[in-house]
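> Fold the following for me, if possible:
(2 chains)
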Amino acid sequence: MAPSHRTLAGEITKGLLVENPVARLILGICSSLAVTNTVINGLAMGLAVIFVTVASSALVSMVRKVVPGGVRIATYIVIISGFVTLADLFLRAFFPDISKTLGPYVPLIVVNCIIMARAEVFAAKYPVVPSIADAIGMGAGYTWVLLAIGAVREILGSGTILGYTVLSEKVFTPWTVMVLPPGAFLTLGFLIGLINYVTMRRARKTR
Amino acid sequence: MKNSSAAMVIVLTVTTVVVGGILAGFFHLVYPRIEANRIAEEKRAIFAVLQGAEKYDVIEKEITGAKGKKEVVRIFKGLNAAGETVGYAFIAEGPGFQGTIKMMVGLNIDLKKLTAMKVLEQVETPGLGNKISEARFTDQFSGLLIEPRIEYLKNRKPEKPNEIQAVTGATISSKAVVNGLNGRINIILGILVAEAKPKEG
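Numbering: from 1, shown residues only, chains lettered A, B, ... in the order given. The predicted structure is shown next:
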């Protein structure tokens, strides 16, 4: 994958839709479902993942010629855990409230397969700049999907958006199921369906 | 690089040492802030459950709990501007549906009623169990009689001064709060009564 004729902009934009990690590659689903009951959680999680992906991909790409194949996965995991711990400590020090609501999901970015996949599939084979571009695109793709799921679930599940009431409880009974895990699965399912529909129609038009 | 054992050992060792060193440095840098956040939150919670408190003293007491486990119990004695005791605050915990529920609890000065209760940490089901941290539930604990013990009712309004109504559909969470409180109150009362005695005698 990723032939050399690709442009830098292409490396960034492919993560947004065509190769979107959550909606197309179905990676990183655990955290996408777990933290998206509100928009702000999705945003904080997305930013943390962008930081970790970009930093890890850059570093993995830099050391790609030095690391022996036999220990490459172990090395990537050490690098990724290092950046995740930095992000976790940073959130705990400067955004304690967000850190609290995200709970164990920030440390669990270590096992988010998006970052591992980008390290293994892309950063380990390409120079630093394209690797950073790829990581930005993938991180942004993850973030917007989280925001979209978070927005749908927060509006339907709590009647609020970013904590502000948009649907008053007088006219709208919040659907508790949207805040619970099934709501996450439903929303993600519809979103994947929608994105597939859009990309298929596009493909048909160009043919 | 070639896949020799030496290369693998060297690369992995260098990576872990460097990453470990950076993390240790960064932790050292931000730890004071993390600790300050924790203390500030504790302070906020204490003042939230003890109305009129301006500052507090910490009473520390080691107790031997079940299975001979030693534990240091911390009680926060709330003092008003004039230095008079306005009540006692303490942290209580109960095993919830998915994890531990941690609460800050205020006890009035004659040790018979709660002044307030605030949930500090909980991972109960969103939309159901997590309603235990909403005012509709926690407000029931303000002025609640703790003798002989706190009781909870399902789906009906409390009649006695030591009763609260459980969150509908989240009895486990409500029960965890009540049991956690009852258990802790006994220990706290024991300590406070023991503390008070020598002064009287």
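
> number of nearby residues for the residue nearest to residue A:76 when sequence neighbours are not counted?
The shortest distance from residue A:76 to any non-neighbouring residue, by Cβ to Cβ, 6 or more residues apart in numbering or on different chains, is to residue A:119 (4.6 Å). C-beta: built from backbone N, CA, C; applies to glycine. Neighbourhood size, residue A:119 [other Cβ atoms under 10 Å in any protein chain shown]: 26.

> Show the contacting residues for residue A:119.
Contacts for residue A:119 (Cβ atoms under 8 Å, 6 or more residues apart in numbering or on different chains) come out as A:56, A:57, A:60, A:76, A:79, A:80.

> quick one: the residue of chain A most remote from its centre from chain B, how far?
Using Cα atoms, centre = their mean, the residue of chain A lying farthest from its centre is residue A:170. It sits 35.0 Å away. Noted for residue A:170: a distance of 17 Å to chain B, by Cβ to the nearest Cβ, to the nearest Å.

> now that residue: how far from residue B:135?
19 Å (Cβ to Cβ, to the nearest Å).

> circling back to that earlier point, any idea of the pLDDT on the residue nearest to residue A:76?
Looking at residue A:119, its pLDDT reads 88.

> Give the phi and psi angles for it, as a check.
phi -60, psi -50 (degrees, to the nearest 10).

> And for residue B:156?
phi -140, psi 160.

> just residue A:40 next, same as before
When read as degrees, to the nearest 10, the backbone of residue A:40 gives phi -60, psi -40.

> residues touching it, list them.
Contacts of residue A:40 were listed using Cβ under 8 Å, 6+ apart, and they are A:98, A:101, A:150, A:162, A:163.

> so which helix or strand takes in residue A:182?
According to DSSP states H and E, residue A:182 maps onto helix A:181-206.

> Repeat that for residue B:114.
Using DSSP H and E, residue B:114 sits within strand B:114-121.

> Over to residue A:167?
Going by DSSP H and E, residue A:167 is not part of any helix or strand.

> Residue A:159 is in contact with that one, correct?
Yes - contact criterion Cβ atoms under 8 Å: residue A:167 and residue A:159 qualify, at 3.8 Å.

> Which residues are in contact with each of these two?
Contacts common to residue A:167 and residue A:159, judged by Cβ under 8 Å, 6+ apart, are residue A:174.

> Show me which of these two is the more surrounded one.
Ranked by neighbour count (other Cβ under 10 Å), residue A:167 and residue A:159 place residue A:159 first, with 18 against 15.

> Noted, bye for now.
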